[in-house]
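Peer 1: Build me a model:
(chains A and B)
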Amino acid sequence: MKANQINIANFRQTPVIDQVGVNERVSRLNSRSIKKTSKIAALKLALSMIDLTTLEGMDTPGKVQQLCIKAKHLNHGISDLPHVAAVCVYPSLVKIAKKELNETSINVASVATGFPSGQTNFKTRLEEVRYAICEGADEVDMVISRGKFLSGDFQLVFDEIAQTKEVCGNIHLKVILETSELSTLDNIRRASEIAMKAGADFIKTSTGKTKCGATQPISLVMLEAIKDFYQKTNKKIGMKPAGGISDSKTAIRYLVMVKEILGNEWLTPTLFRFGASSLANDLLMQITKQQSGAYQSADYFSKD
Amino acid sequence: MTNQTDFITGYSPAPESTNLIEIKERYPLFIKGKFSEPQSGKYFSTINPATEKKLSEVAVANQADVDFAVKSARNAYKNVWSKMPPKERSKYIYRIARVLQERGREFAVIESMDGGKPIRESRDIDIPLAVAHFFYYAGWADKLEYAFPGRKANGLGVAGQIIPWNFPLLMAAWKIAPALACGNTVVLKPAETTPLTAMKLAELLQDIDLPPGVVNIITGAGDTGIKIVDHPDINKIAFTGSTDVGKIIQKSLAGTQKKYTLELGGKAAHIIFDDAAINQAVEGIINGIFFNQGHVCCAGSRLYVQECVAEEVISKLKDRMDTLIIGDPLDKNTDIGAINSKMQLKKIIEITQSGKDEGGVLFQSKCTTPKSGYWFKPTLISNVAQSSRVVQEEIFGPVLAVQTFRTVDEVIEKANNTPYGLSGGVWTDKGAKIFKITKQMRAGILWANTFNKFDPTSPFGGFKESGMGREGGIHGLYPYVELS
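Peer 2: Prediction:
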């Protein structure tokens, strides 16, 4: 192959982002008023997109089991409820979750690659991915090497993602950029492009383990990156904001962003997820309110 | 049934409530602090352009009515307003600002009903900006000596003010606030298609006990406007509107002692360089041309895109245009409301058609428009040149003419190649380039990496046929004072 036929992406020249413009676009999208039937539809849609998550050092098999039961039976009082998209746990708990969710279409997602910091050697990180998949994970959430990214070694970040995807094969790979550590929107755009070009199925904002999780401006930049990538390659990449999205109002605002930036095709759990633990209950509370006209106390919604 | 809309197919209707507003069946003239029957004895209807239904009727002011209004303004000037300590004048203007702020929602709803603009804009832009103008100039009223150090600033007398239909209340604020702050009294005429918020403002002025005659609001068509312009006892004319009418006014003012400011048409160049933040630039283009259905004198109606990104920008622009929601101005989700009047719609259709006839390629948003009312889909015309009518003439509608360019020199030449010079915009990631380009653009207002941003502290006004004089900021005080 001739040298000039090799198409190496130049990650130093990704599109620039204007932060003021991004914030303005977000606030304009936030002025959308979602009411009545479209609100109920949006609440249920959001519910179906949740990766119900528990990622604590003190997680026990029992807790994971309970979470899985909740994933299957969100609330017995409301009819026509969808189930959540996936349950997201550490690799060592994948087997428990898989067993509980075996007969359902709810996926088991596992974080891997030295989550949340990724600060271990790459071989070990890959080994962890293999382990999670062996245990039965349907989806893998990896973290990128932020230190390497910030030092300008974009090629290494690309290679690591590409190799992780190779290990994953058909298993869905979500690439966590940990946006709060990337510091600028330009960097977030660049990291999004690296991840998508390296084979990510989803790009994900955050681990939820740093001070700042997903924000709307960050997510907007990532959604626009997904759109641009789709227009160039015809490949649909998914998006997963995670960390800090805990109420229905914010969730609906995210759905409005997805709808108006990427279009209705992305309004499905196969292309959009919320990484959240407490969002589900707030959505259930709001759905109940829409149906009964009154708010119920938090005691009426299970805490698992 | 649209009420059953789920999130995917669309948003359920979310109309702003009209329960809290009151529109009277008819509004007489507001002169000397009172609503009084016009001596013409005549009234005309004002309609909702989104439904074509009548909202109210307002009086026609004839010569006798104009005389009465000017006389009442003159008396208020001589006996009350010019004698009042500036600090006290300031308090009145603050009161207008505060009460207008409190009643913001009411004014926003009426503005959208009478003019067709989306509630999102009247609620978030028109009314808050009008309030900001009153607050800003209220602050100047007792500080004029700091605006003009070493000199004494006196009011001129009676200001005749004629305002357009695109930002009815906001333009009233732009005119009234600096006039009052400098100690002048006012005879104001709102546009014939959008008189209602001005009449509501008249009610508000009564409520806050503004001394009678300080602000007089009279209604009528162009005929009434001419009578104000020609009135011998007026000291200053402030006009915002079309260049054609501006020329007539300037002719009629020639040889008189009257001061004047004219804020006229525009055909702004909106320039996108290849190093711009493209996604944000596309949003800027949308705001630049489709804000207020394009009924904006400073609208970015001539788009110049650097050749190497033209395809990408135009394709993204079309995508974005398809997501604009057109419809009921009172719905909180509406992006594009109704065209202000039948006459304006006719003009937009006519010029757009001429663009097509001259070989322009038309793209329009996929949206469907309501059956009744006046509507025009967001439109993009490419394959046009500097010589095209759609590039030369102000359309004052949601129609964008797109051209490409290669070099900086070329685009500056094209941008300046127009009889207008009101505004312009540049998108680039390079700070130095922004200054290099904007220094060479002959326009009164220039935006970089944004568009259609307004602030009371910033002067607004045009070069060439876009008018003379500035409104806003310290500059906006000059037209209303005599310095000694």
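Peer 1: For chain B, give me its nearest residue in chain A.
Peer 2: Residue nearest to chain B within chain A (CB to the nearest CB): A:Gly21, separated by 2.9 Å. For the C-beta atoms, the positions are set from N, CA and C on the backbone; glycine is no exception.
Peer 1: Domain parsing of chain B, as residue ranges.
Peer 2: Here the domain parsing of chain B from automatic domain parsing is B:26-264+B:464-483, B:269-448.
Peer 1: Chain A is nearest to which of the ones you listed?
Peer 2: With CB to the nearest CB, the closest approach to chain A among those belongs to domain B:269-448: 2.9 Å.
Peer 1: For the stretch 51-200 of chain A, just list every one of the helices.
Peer 2: With DSSP state H, counting those that start in this stretch, the ranges of helices along the stretch 51-200 of chain A come out as A:61-72, A:94-101, A:122-135, A:146-150, A:154-168, A:185-198.
Peer 1: Now do the second one: distance to the chain's middle.
Peer 2: When distances are taken as CA atoms, centre = their mean, to the nearest Å, helix A:94-101 is centred 20 Å away from the chain's centroid.
Peer 1: Could I get the contacting residues of the nearest residue to B:Gln403 once chain neighbours are set aside?
Peer 2: Nearest residue to B:Gln403, sequence neighbours excluded (CB to CB, 6 or more residues apart in numbering or on different chains): B:Tyr304, at 5.5 Å. Each residue near B:Tyr304 by CB atoms under 8 Å, 6 or more residues apart in numbering or on different chains is listed here: B:Ala269, B:His270, B:Ile271, B:Ile272, B:Gln403, B:Thr404, B:Phe405, B:Val411, B:Lys414, B:Ala415.
Peer 1: Tell me the strands beside the helix or strand that contains B:Tyr304, with direction?
Peer 2: Counting by DSSP states H and E, the element that carries B:Tyr304 is strand B:302-306. In the sheet, strand B:302-306 lines up against strand B:269-272 (parallel), strand B:399-405 (parallel) (DSSP bridges).
Peer 1: returning to what we had before: how far away is the residue of chain A closest to chain B from B:Val58?
Peer 2: For A:Gly21, the distance to B:Val58 (CB to CB, to the nearest Å) stands at 41 Å.
Peer 1: hang on, the earlier thing: buried deepest among the strands paired with strand B:302-306, which one?
Peer 2: strand B:269-272 (a mean of 27; mean count of other CB atoms under 10 Å in any protein chain shown).
Peer 1: would you put the C-alpha positions of it in PDB?
Peer 2: Extracted as PDB, the C-alpha positions of strand B:269-272 are listed here (Å, rounded to 0.1, in the frame of the first residue of the first chain):
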ATOM      1  CA  ALA B 269     -23.400  40.600   5.700                       C
ATOM      2  CA  HIS B 270     -22.900  37.500   7.800                       C
ATOM      3  CA  ILE B 271     -19.500  36.100   7.100                       C
ATOM      4  CA  ILE B 272     -18.400  32.600   8.000                       C
END
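Peer 1: And the average pLDDT for that strand is what?
Peer 2: What strand B:269-272 shows for mean pLDDT is 98.
Peer 1: Point out the residues in chain A that sit beside chain B.
Peer 2: A:15-18, A:20-22, A:24-25, A:31-39, A:41-42, A:45, A:224, A:228, A:231, A:255, A:259-260, A:264, A:267 (CB under 8 Å from any CB of the partner chain).
Peer 1: Separate out the buried members of those.
Peer 2: Neighbour-count burial (16 or more other CB atoms under 10 Å in any protein chain shown) applied to the residues of chain A next to chain B gives A:15-18, A:21-22, A:24-25, A:32-35, A:37-39, A:41-42, A:45, A:224, A:228, A:255, A:259-260, A:267.
Peer 1: Enumerate the beta-bridge partners assigned to B:Val399.
Peer 2: B:Thr379.
Peer 1: Okay, helices next: where are they in the stretch 251-400 of chain B?
Peer 2: So, for the stretch 251-400 of chain B - with DSSP H, counting those that start in this stretch - the helices run B:278-290, B:307-322, B:342-357, B:389-392.
Peer 1: and if you look at the stretch 1-150 of chain B?
Peer 2: B:63-76, B:86-102, B:104-115, B:119-121, B:127-140, B:144-147.
Peer 1: Now tabulate those helices in a markdown table and tack on mean neighbour count, distance to chain A and mean pLDDT.
Peer 2: Compiled in a markdown table, these are given as follows (neighbours: other CB atoms under 10 Å in any protein chain shown; distance: least, CB to the nearest CB, whole Å; pLDDT from 0 to 100):
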| stretch | mean neighbour count | distance to chain A | mean pLDDT |
| --- | --- | --- | --- |
| helix B:63-76 | 21 | 40 | 98 |
| helix B:86-102 | 18 | 19 | 98 |
| helix B:104-115 | 25 | 13 | 98 |
| helix B:119-121 | 24 | 6 | 98 |
| helix B:127-140 | 22 | 13 | 98 |
| helix B:144-147 | 15 | 30 | 96 |
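Peer 1: Could you export these as a markdown table, including distance to A:Glu100?
Peer 2: Shown next, in a markdown table, are the helices of the stretch 1-150 of chain B (distance: least, CB to CB, whole Å):
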| stretch | distance to A:Glu100 |
| --- | --- |
| helix B:63-76 | 81 |
| helix B:86-102 | 57 |
| helix B:104-115 | 52 |
| helix B:119-121 | 47 |
| helix B:127-140 | 53 |
| helix B:144-147 | 74 |
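Peer 1: Tabulate the CA atom coordinates of stretch A:271-278 in PDB.
Peer 2: Taking Å, rounded to 0.1, in the frame of the first residue of the first chain, the C-alpha atoms of stretch A:271-278 are listed here in PDB:
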ATOM      1  CA  LEU A 271     -28.500   4.700  20.900                       C
ATOM      2  CA  PHE A 272     -29.100   6.700  24.000                       C
ATOM      3  CA  ARG A 273     -28.700   5.900  27.700                       C
ATOM      4  CA  PHE A 274     -28.700   7.600  31.000                       C
ATOM      5  CA  GLY A 275     -26.100   6.400  33.500                       C
ATOM      6  CA  ALA A 276     -28.000   7.100  36.700                       C
ATOM      7  CA  SER A 277     -29.000   5.500  40.000                       C
ATOM      8  CA  SER A 278     -31.600   7.800  41.500                       C
END
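Peer 1: Residues of the stretch 251-400 of chain B that sit close to chain A?
Peer 2: The stretch 251-400 of chain B comes close to chain A at residues B:275-281, B:283-284, B:315, B:323, B:332-333, as judged by CB under 8 Å from any CB.
Peer 1: again, 7 Å this time
Peer 2: Proximity of the stretch 251-400 of chain B to chain A, by CB under 7 Å from any CB of the partner chain, involves residues B:Ala277, B:Ile278, B:Asn279, B:Gln280, B:Glu283, B:Gly284, B:Thr323, B:Lys332, B:Asn333.
Peer 1: Run a quick neighbour tally on the third one.
Peer 2: Residues contacting B:Asn279 under the criterion other CB atoms under 10 Å in any protein chain shown number 27.
Peer 1: Please report the distance of it from B:Gly139.
Peer 2: To B:Gly139, B:Asn279 is 38 Å away according to CB to CB.
Peer 1: Repeat that for the last one.
Peer 2: Using CB to CB, we find B:Asn333 at a distance of 36 Å from B:Gly139.
Peer 1: picking that back up, can you redo the helices of the stretch 51-200 of chain A as JSON lines with mean neighbour count, mean pLDDT and distance to B:Pro378?
Peer 2: Below are those laid out as JSON lines (neighbours: other CB atoms under 10 Å in any protein chain shown; pLDDT from 0 to 100; distance: least, CB to CB, whole Å):
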{"stretch": "helix A:61-72", "mean neighbour count": "18", "mean pLDDT": "95", "distance to B:Pro378": "44"}
{"stretch": "helix A:94-101", "mean neighbour count": "22", "mean pLDDT": "97", "distance to B:Pro378": "47"}
{"stretch": "helix A:122-135", "mean neighbour count": "17", "mean pLDDT": "98", "distance to B:Pro378": "48"}
{"stretch": "helix A:146-150", "mean neighbour count": "17", "mean pLDDT": "97", "distance to B:Pro378": "40"}
{"stretch": "helix A:154-168", "mean neighbour count": "19", "mean pLDDT": "97", "distance to B:Pro378": "39"}
{"stretch": "helix A:185-198", "mean neighbour count": "23", "mean pLDDT": "97", "distance to B:Pro378": "28"}
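Peer 1: I appreciate the help and will end here.
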